[in-house]
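>>> Let me see the structure of the following:
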Amino acid sequence: MRDVPRIAVVGVHGHGASHVRRVGELAARGEAELTAVVDPREPEAGTLGGARATWFASLGDLLSQGELPDVVVLSTPIHTHLPLAQAAMEAGIDVLLEKPTAASLAEHEALVAVAERTGRRCQVGFQTFGSHALPAVSRMIERGEIGEVTGIGAVGAWVRTASYWSRSAWAGRRHLDGHDVVDGVVTNPLAHAVATALRIGGARRADDVAYVDTDLWRANPIEADDTSSVRVVAANGTRYGFGLTLCAHERTPARVIVYGTEGTIALEYEYDRVLLRTGSVTAEKEYGRTSLLEDLLAARRTGGPLLCEVAETGAFMRVLEAVRTGAEPRAIGGDGAGAVEAGAGRVRPQGVAGVAGPAVVMEWRGEGGDRRPVIHDVERWCERVAETQKLFSELGAPWTAVRA
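Numbering: from 1, shown residues only. Below you'll find the predicted structure:
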């Protein structure tokens with residue numbers, strides 16, 4: 001094994017640029033070397049820093065040349081994850097694969113089989129799994145600091161504009177050119193909320209999940225979901241509720257919340273911040289985080305386990321599979337769920353006969369690439385999903401009302 005591992009980054013535009021920067025930081029410390037980048041579009045001058053990396057238009061081009069990298073970082077569309085990761089591992093290369101792991105549970109299982117057959121490491125890019133806050137939360141639960149756990153939830157209230165959905169051909173799609181994509185709020189932007197909650201509750205592999213219920217909605221003119229609730233029941237009986245939206249009034253920190261008989265533990269995973277609240281204690285603490293790329297490089301040296309080994313994303317993939325195979329997301333303001341108020345860019349619920357509903361469920365704000373839908377009071381409904389482990393439709397969220 002080389003003293004300084006050679007790294008290639010596949011997909012260097014968009015989020016992939018952050019991986020290029022990260023490898024550059026390691027290179028500055030003499031801990032890695034960026035030797036190649038792969039992308040159909042050649043990187044612009046200066047985007048690779050001082051690295052003398054060779055550009056290849058495809059991973060196949062890279063693998064067909066003489067000296068191969070030790071590690072490949074894959075930051076590519078979801079439906080390409082399996083073929084690219086498989087090709088790299090079969091060439092004897094370890095992989096850091098961006099989340100979500102794959103586009104279906106079957107693809108995930110195939111990827112696990114490739115890793116086992118080749119003996120290569122495959123780390124999945126759920127960065128929160130490197131947070132030191134996760135074991136801290138687990139210790140709080142084990143010590144009984146919030147009593148008996150009654151449920152685990154996640155609340156994600158984020159904002160995405162029209163430009164987000166137009167950034168690529170696969171954005172917001174369930175299918176593309178005959179391939180599953182599954183690029184919705186549950187499986188991509190707020191996938192960390194789902195995966196982190198499952199991890200904290202001990203659900204790691206696919207058979208740790210008993211069943212999944214989904215309630216998928218879309219306010220944007222896309223195929224996939226942008227506002228959804230999901231209930232997971234684990235094999236050990238733990239119940240999870242996920243209330244997630246990209247149509248909030250404003251973006252707030254995504255949170256995983258552990259509910260107990262004597263209090264709650266909230267993890268703001270973007271900031272590695274934990275808030276403990278009980279009848280007698282309110283405490284807050286921020287933790288550090290281990291880079292998943294550095295963890296992969298350390299595992300190569302020591303032979304130790306990975307923080308986010310591909311097989312241990314199986315529980316999350318059960319949720320993705322339920323989204324993939326479930327009913328198409330229902331339109332807010334269409335399909336009987338509501339009616340657009342003429343000339344106002346607003347949506348009113350149809351409601352139930354004889355029962356008055358709120359005046360407006362949703363409105364559009366902004367222009368052009370900044371245009372976005374805002375679902376009124378959606379944050380509160382996401383909170384209720386997390387706390388009760390019930391779906392939007394079960395709770396009676398206004399946009400789920402149907403014609404009488």
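>>> Counting neighbours, what do you get for residue 327?
Residue 327 is flanked by 9 other residues according to other C-beta atoms under 10 Å. All C-beta spots, glycine's among them, are computed from the backbone N, C-alpha and C.
>>> Going by secondary structure, the residue nearest to it when sequence neighbours are not counted is in what exactly?
Among residues not flanking residue 327 along the chain, residue 216 sits closest, at 7.0 Å (C-beta to C-beta, 6 or more residues apart in numbering). Secondary structure assignment for residue 216, by DSSP states H and E: strand 209-218.
>>> strand partners of that strand, parallel vs antiparallel please.
Sheet pairing for strand 209-218, assigned by DSSP bridges, gives strand 227-234 (antiparallel), strand 330-331 (parallel).
>>> I'd guessed residue 397 sits against residue 380; true?
No: between residue 397 and residue 380 there is no contact, the gap being 9.4 Å when judged by C-beta atoms under 8 Å.
>>> show me what contacts residue 317?
100-102, 104-105, 108, 206 (C-beta atoms under 8 Å, 6 or more residues apart in numbering).
>>> ok, residue 165 to residue 75 distance?
Residue 165 is 19 Å from residue 75, where distance means C-beta to C-beta, to the nearest Å.
>>> Buried ones in stretch 190-203, by neighbour count?
Within stretch 190-203, the residues that qualify as buried are 190-201, 203, counting by 16 or more other C-beta atoms under 10 Å.
>>> again with stretch 155-168
155-162, 164-165.
>>> Could you work out the most separated pair of the residues you listed?
155 and 162 (24.3 Å; C-beta to C-beta).
>>> and residue 234, how far is that from residue 150?
Taken as C-beta to C-beta, the span from residue 234 to residue 150 is 14 Å.
>>> what do you get for residue 44?
For residue 44 relative to residue 150 (C-beta to C-beta), the value is 52 Å.
>>> Equivalent analysis for residue 161, please.
To residue 150, residue 161 is 37 Å away according to C-beta to C-beta.
>>> More neighbours: which of residue 234 and residue 150?
The neighbour comparison of residue 234 against residue 150 (other C-beta under 10 Å) goes to residue 234, with 19 against 15.
>>> contacting residues around that one?
Applying C-beta under 8 Å, 6+ apart, the residues near residue 234 are 198, 201-203, 208-210, 240, 315.
>>> Could you rerun that using 6 Å?
203, 208-209 (C-beta atoms under 6 Å, 6 or more residues apart in numbering).
>>> Just give the number of residues close to residue 378.
Neighbours around residue 378, by other C-beta under 10 Å: 28.
>>> Next: residue 176.
Neighbours of residue 176 (other C-beta under 10 Å): 18.
>>> now it, nearest residue through space, not along the chain?
residue 170 (5.1 Å).
>>> pretty sure that neighbour belongs to a helix, no?
No: using DSSP: H, G, I helix; E, B strand; the rest coil, the assignment for residue 170 is coil, not a helix.
>>> Quick check: it touching residue 79?
No: the criterion here is C-beta atoms under 6 Å, and residue 170 misses it with residue 79 at 7.0 Å.
>>> so what sits against both of those two?
residue 181.
>>> If you count surrounding residues, which of the two has more?
Using other C-beta under 10 Å as the criterion, residue 170 and residue 79 rank with residue 79 on top: 22 against 19.
>>> count of neighbours near the nearest residue to that one once chain neighbours are set aside?
Here the nearest residue to residue 79 in space, its sequence neighbours aside, is residue 179; by C-beta to C-beta, 6+ apart that works out to 4.1 Å. Neighbour count for residue 179, taken as other C-beta under 10 Å: 15.
>>> in the chain, which spans are helices?
Assigned helices in the chain, in chain order: 16-28, 59-63, 81-90, 105-118, 133-142, 162-165, 191-200, 292-302, 314-325, 378-388, 392-395 (criterion: DSSP state H).
>>> closest one to residue 285 among these?
helix 133-142 (7.6 Å).
>>> buried stuff in that closest one?
133-134, 136-138, 140-141.
>>> list the helices and strands that helix packs on?
For helix 133-142, the packing partners by 3 or more C-beta pairs under 6 Å, 6 or more residues apart in numbering; DSSP states H and E come out as strand 263-268.
>>> quick one, the strand it packs on and helix 378-388 angle?
Between strand 263-268 and helix 378-388, the angle comes out at 130 degrees (axes from the mean of the first three to the mean of the last three C-alpha atoms, to 10 degrees).
>>> Would you give the sheet partners of strand 263-268, along with the direction of each?
Applying DSSP bridges, one finds strand 263-268 paired with strand 255-260 (antiparallel), strand 273-278 (antiparallel).
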